[in-house]
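Trainee: What shape does this take:
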Amino acid sequence: MNRLYDFIRRHPTWVDSLWAVFLLMFSSLWIVASVTAPPTPEGPNQLPQETGQQIALVPIALALSLVVALRRRAPEKMLLLATGTGLAQVITDVSPFPGDFAFLVIIFTVASRHTRWASRFALVGALLAPTINTLRWPEDLHDWTTAVFSTLFMTLAFVMAWVLGDSLRTRRAYYLQLEERAKRLEKEREAQAKVAVAAERARIARELHDVVAHNVSVMVVQADGAAYVLDSSPEQTRMALETISGTGRQALAEMRRLLGVLRSGDPGKPDGDEYVPQPGVEQIAELVEQVRGAGLTVDFKVEGDPHPLPSSVELTAYRIVQEALTNTRKHGGPHVGATVQLCYRDDELCVLAEDDGRGAQRELYEEGGADGLGHGLIGMRERVGMVGGALEAGPRSGGGFRVRADLPLKGAD
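Mentor: Below is the predicted model:
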């Protein structure tokens with residue numbers, strides 16, 4: 001059965017041609033009957049007896065059969081052909097016969113398509129055709145009551161054919177709209193998935209940069225210092241090696257957390273080891289102590305009453321301080337001092353990190369950095385932008401470098 005339906009959908013003209021052949025057969029039988037029937041007085045179901053009518057009946061029947069055969073391939077042209085055939089039938093006085101069923105078929109077909117002028121034209125024809133038939137062949141009806149009833153019945157039949165076709169058009173348009181919407185939603189989901197993947201990759205890249213840039217910088221500074229005092233001060237060398245060891249373990253722990261998120265299908269349920277949570281403002285004090293242990297003088301201040309913050313704001317504040325202190329160590333010069341300040345407000349958290357050294361050159365953070373090393377401050381701006389905050393970063397007027405971030409608490413996760 002499914003194969004039959006598939007064949008019908010693939011070859012609609014063949015199916016219509018088959019119905020046209022059946023219609024032509026019924027019309028031919030009616031023509032033969034009209035030719036062979038004896039003369040009868042005028043009355044119901046009268047067959048045309050005049051030679052002119054019989055001659056005109058043959059091309060009219062063929063034309064109406066053609067209308068049925070090509071109704072879906074060329075509906076507008078077949079509507080015009082049916083109209084011309086109907087006018088010829090009225091002019092030649094060929095009374096209604098089975099071939100006129102083609103008028104119902106073409107009205108239904110045209111109404112089911114999206115050509116509005118043709119649909120309106122078919123509706124007008126559906127309303128006028130029964131009345132024209134009654135006025136042209138009144139002798140086929142017994143009295144005026146029968147004429148009115150027959151006219152109303154045929155008008156209703158023609159209008160119903162148009163209504164069914166128009167309903168089919170509306171339903172097709174609705175289904176097409178649903179399909180287009182489904183395709184559009186699928187494309188939007190794919191685009192959103194790609195954006196989410198890109199955002200996650202950017203987030204992980206920022207996290208790795210912060211982990212590697214900060215911890216490796218501390219390890220390099222401590223290693224250089226240990227090598228410098230290796231012979232003269234074994235105790236300082238030992239302390240430097242301990243700092244390198246602790247910093248390396250911290251870096252490995254954070255990298256395990258990031259890699260665990262990548263390996264796990266569910267970030268909330270990592271496979272294997274327990275991974276440390278993301279750092280927040282409470283860990284900034286530990287970060288400052290770690291930096292102090294690396295030889296950098298840092299003044300840490302907290303203003304306002306500390307209160308719970310969204311996790312995204314806490315992580316952003318921690319990474320800003322971490323990146324700022326890393327840049328101070330790398331670019332601040334010898335004997336540089338830094339200041340870190342957290343200011344708690346009702347609707348935002350203000351983070352200030354500055355140093356009194358020579359500061360980073362502006363080209364290191366503008367447009368990605370002339371040497372390709374400016375991603376740290378670019379990452380700051382991205383982080384602050386994700387929580388809807390504002391960032392100011394640049395050289396201080398009196399020397400050194402200054403970073404200020406205002407992180408709003410509303411709307412942050």
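Trainee: contacts, neighbours, all on C-alpha from now
Mentor: OK.
Trainee: What's the local residue count around residue 202?
Mentor: Neighbourhood size, residue 202 [other Cα atoms under 10 Å]: 14.
Trainee: Wasn't it part of a helix?
Mentor: Yes: secondary structure of residue 202, determined by DSSP: H, G, I helix; E, B strand; the rest coil: located in a helix.
Trainee: What distance do you get for it to residue 291?
Mentor: Note on residue 202: its distance to residue 291, by Cα to Cα, to the nearest Å, is 26 Å.
Trainee: Do I have it right that residue 383 meets residue 316?
Mentor: Yes: between residue 383 and residue 316 there is a contact at 6.1 Å, judged by Cα atoms under 8 Å.
Trainee: Look up phi and psi at residue 340.
Mentor: Per-residue torsions, residue 340: phi -120, psi 130 (degrees, to the nearest 10).
Trainee: Run a quick neighbour tally on it.
Mentor: One way to gauge burial is a neighbour count; for residue 340, by other Cα under 10 Å, it gives 22.
Trainee: right, and it touches residue 297 too?
Mentor: No: under the criterion of Cα under 8 Å, residue 340 is not in contact with residue 297, lying 10.8 Å apart.
Trainee: so residue 148, which of the three states?
Mentor: Look at residue 148: counting by three-state DSSP, its state is helix.
Trainee: contacting residues for it?
Mentor: Taking Cα atoms under 8 Å, 6 or more residues apart in numbering, we find residue 148 in contact with no residue.
Trainee: Verify the contact between residue 94 and residue 57 for me.
Mentor: Yes: taking Cα under 8 Å as the contact criterion, residue 94 and residue 57 are neighbours in contact, 6.6 Å apart.
Trainee: quick one: the helices in the protein?
Mentor: 2-10, 12-36, 51-69, 75-91, 101-111, 116-136, 144-228, 234-263, 284-293, 311-331, 375-386 (DSSP state H).
Trainee: okay, these, which one's buried deepest?
Mentor: helix 101-111 (a mean of 24; mean count of other Cα atoms under 10 Å).
Trainee: Show me what that one is packed up against.
Mentor: Under the contact criterion of 3 or more Cα pairs under 8 Å, 6 or more residues apart in numbering; DSSP states H and E, the helices and strands touching helix 101-111 comprise helix 51-69, helix 75-91, helix 116-136, helix 144-228.
Trainee: possible to save those helices as a markdown table with mean pLDDT and distance to residue 329?
Mentor: As requested, those are arranged in a markdown table below (pLDDT from 0 to 100; distance: least, Cα to Cα, whole Å):
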| stretch | mean pLDDT | distance to residue 329 |
| --- | --- | --- |
| helix 51-69 | 85 | 87 |
| helix 75-91 | 92 | 81 |
| helix 116-136 | 91 | 76 |
| helix 144-228 | 83 | 8 |
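Trainee: okay, those in a markdown table with distance to residue 330 next?
Mentor: Putting the helices and strands packed on helix 101-111 into a markdown table (distance: least, Cα to Cα, whole Å) gives the following:
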| stretch | distance to residue 330 |
| --- | --- |
| helix 51-69 | 85 |
| helix 75-91 | 79 |
| helix 116-136 | 74 |
| helix 144-228 | 8 |
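Trainee: quick one: which of these is nearest residue 388?
Mentor: Closest approach to residue 388 among the helices and strands packed on helix 101-111 is made by helix 144-228 (15.7 Å; Cα to Cα).
Trainee: now what about stretch 131-138, what contacts it?
Mentor: Contacts made with stretch 131-138 from outside it, assessed by Cα under 8 Å, 6+ apart, are listed as 90, 95-96, 147, 151, 155.
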